[in-house]
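Trainee: next comes the sequence, and after it the predicted model I'd like to discuss.
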Amino acid sequence: MSDTAVLLLSILAAVIPTLLYVGIIYWIDRYEKEPWWLLTAAFLWGAIPSIIIAYVVNTLFTIPFYYFAGNATGETLAAAFVAPPVEESVKGLALLIIFWRWRHEIDSLLDGIIYGAIVGMGFAMVENVFYFVNTFAEGGLEAWSVNIFVRSLVFGLNHALFTSMTGLGIAVARMSRHSAVRLAAPVMGWGTAVFLHFLHNLTVSSGSLLCIIALIFDWGGVLLTLLIMVWALLQEQRWIRTYLAEEVGLGVLTMRQYETASSGRKRGSHRFQLLTSRGFLSYRAASRFYYKCAELAYKKHHYTLFQDEKSGSLITQLRGEVAYLSQELL
């Protein structure tokens, strides 16, 4: 194959699985979808600035390893001790910016995981293109095919897993009332991301049976993260049921609207029904209504925790928006 063909096929092999994984991650966020523009910005941060900065810093810090340990050993040591802290710090910077500038978008543990995973997917996609092209140049078609299978499927969620730990730590800090937890949680999340990244790189670089350890920890981490996400979804559903019940008594919602808003399955069924019977505009109006319902519930939960004036004013504003959209749907 020509170099152009290899590049194009490598891009497709990196982009297609990434789109699938991102779609699944976005779908999991059932009750209050994160803003598409902020998710896009997080993805692009992982795909462009993070890759460039990490490449430059990794190159600078790996020089002593190659000089003192030689090429083979130096590459293994650099992959284990340089790449993990550098890459997780660069990717995690996007999450810190979101926390600093748009912290109101982090309403639950699930939000932190999702933002971290999206940053990681952007990083993994571009990194995979470089690995695929280099592997073809060094090992030919067979090595290229194996590398695509391993990096896109077997370890396709690795960067999402690593950086989601940093996001989880930031979300814990956001939801905690204790100053010690707010300080420690982001550091512990970042430390977990670095450790998982270190363990993966060390075992994979060492080769042989140690790759089994990478599989166990990587997929074990993915499964554990999925369990946390399911638990967070159930927690969000409890918040919606608890905090929207008052809105029925206030006349903001009807009982039927409350019951539908409290169920991801009923929400989806209602929106699909509107899409097929009344068209896209009705579907979009219902989606916005349920989004605002969830946002109102989350802000009420946040006000219960912190009694902050900003959440109080947002509750009043959101209650008015929900009441208006409720009447529109009726």
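Mentor: Looks like it came in fine.
Trainee: so residue 322 sits right up against residue 290, yeah?
Mentor: No - applying CB atoms under 8 Å as the test, residue 322 and residue 290 come out as separate, 9.7 Å apart. For every residue, glycine as well, the C-beta is placed using N, CA and C.
Trainee: who's in contact with the closest residue to residue 139 other than its chain neighbours?
Mentor: Spatial nearest neighbour of residue 139, excluding adjacent residues (CB to CB, 6 or more residues apart in numbering): residue 147 at 7.9 Å. If you count contacts by CB atoms under 8 Å, 6 or more residues apart in numbering, residue 147 has them with 131, 132, 135, 139.
Trainee: give me that answer again for 10 Å
Mentor: 10, 13, 128, 131, 132, 134, 135, 136, 138, 139 (CB atoms under 10 Å, 6 or more residues apart in numbering).
Trainee: which single one of the residues you listed is nearest to residue 173?
Mentor: residue 128 (31.0 Å; CB to CB).
Trainee: which helix or strand contains the closest one?
Mentor: Using DSSP states H and E, residue 128 maps to helix 109-149.
Trainee: with residue 199 instead?
Mentor: Residue 199 belongs to helix 179-206, assigned by DSSP H and E.
Trainee: list the buried residues of that helix.
Mentor: Buried residues in helix 179-206, counted by 16 or more other CB atoms under 10 Å: 184-186, 188-194, 196-205.
Trainee: now swap in stretch 125-141 and tell me
Mentor: Residues of stretch 125-141 classed as buried: 125, 126, 127, 128, 129, 131, 132, 133, 135, 136 (neighbour count, 16+ other CB under 10 Å).
Trainee: chain center to that stretch: distance?
Mentor: The chain centre lies 25 Å from the centre of stretch 125-141; the measure is CA atoms, centre = their mean, to the nearest Å.
Trainee: taking the contacts of residue 147 together, which two end up most distant?
Mentor: Maximum pairwise distance in these, criterion CB to CB, is 16.6 Å, between 13 and 138.
Trainee: correct me if wrong: residue 87 contacts residue 57.
Mentor: Yes - with contact defined as CB atoms under 10 Å, residue 87 and residue 57 form a contacting pair (8.9 Å).
Trainee: more neighbours: which of the two?
Mentor: More neighbours surround residue 87 than the other of residue 87 and residue 57, with 28 against 17 (other CB atoms under 10 Å).
Trainee: walk me through the domains of the chain.
Mentor: As recorded under automatic domain parsing, the domains making up the chain are 3-206, 236-329.
Trainee: pretty sure residue 245 is touching residue 258, no?
Mentor: Yes - between residue 245 and residue 258 there is a contact under CB under 10 Å: 6.9 Å.
Trainee: what about those two, which has more around it?
Mentor: residue 258 (20 against 14).
Trainee: for that one, give its distance to residue 296.
Mentor: 12 Å (CB to CB, to the nearest Å).
Trainee: can you check residue 192 too?
Mentor: 33 Å.
Trainee: repeat that for residue 272.
Mentor: In this view, residue 272 and residue 296 are 23 Å apart by CB to CB.
Trainee: out of those two, which sits in the more crowded spot?
Mentor: Ranked by neighbour count (other CB under 10 Å), residue 272 and residue 296 place residue 296 first, with 25 against 12.
Trainee: picking that back up, elements contacting the helix holding residue 199?
Mentor: Other helices and strands packing on helix 179-206, by 3 or more CB pairs under 10 Å, 6 or more residues apart in numbering; DSSP states H and E, are helix 71-81, helix 83-101, helix 109-149, helix 158-175, helix 210-249.
Trainee: how about those helices, which one is nearest residue 46?
Mentor: If we rank the helices and strands packed on helix 179-206 by CB to CB, the stretch that ends up nearest is helix 109-149, at 2.9 Å.
Trainee: so in this protein, where's the weakest helix or strand by average pLDDT?
Mentor: Using mean pLDDT, DSSP states H and E, helix 71-81 stands out as the lowest-scoring helix or strand of the chain, at a mean of 87.
Trainee: which parts of it are buried?
Mentor: Here helix 71-81 shows 74, 76, 77, 78, 79, 80, 81 as buried, counting by 16+ other CB under 10 Å.
Trainee: got the contact list for it?
Mentor: In contact with helix 71-81 (CB under 10 Å, 6+ apart) are residues 58-59, 61-70, 86, 197-207.
Trainee: what's the answer for stretch 256-272, then?
Mentor: 30-31, 233, 236-242, 244-248, 252-254, 282-287, 289-294, 296-297, 322, 325-326, 329-330.
Trainee: now do 7 Å
Mentor: Contacting residues not belonging to stretch 256-272 are listed as 30-31, 237, 240-241, 244-245, 248, 283, 286-287, 290, 293, 326 [CB atoms under 7 Å, 6 or more residues apart in numbering].
Trainee: most widely separated two among these?
Mentor: Most distant of the contacts of stretch 256-272, by CB to CB, are 245 and 283, 26.2 Å apart.
Trainee: of the contacts of stretch 256-272, buried ones?
Mentor: For the contacts of stretch 256-272, buried by 16+ other CB under 10 Å: 30, 31, 237, 240, 244, 283, 286, 287, 290, 293, 326.
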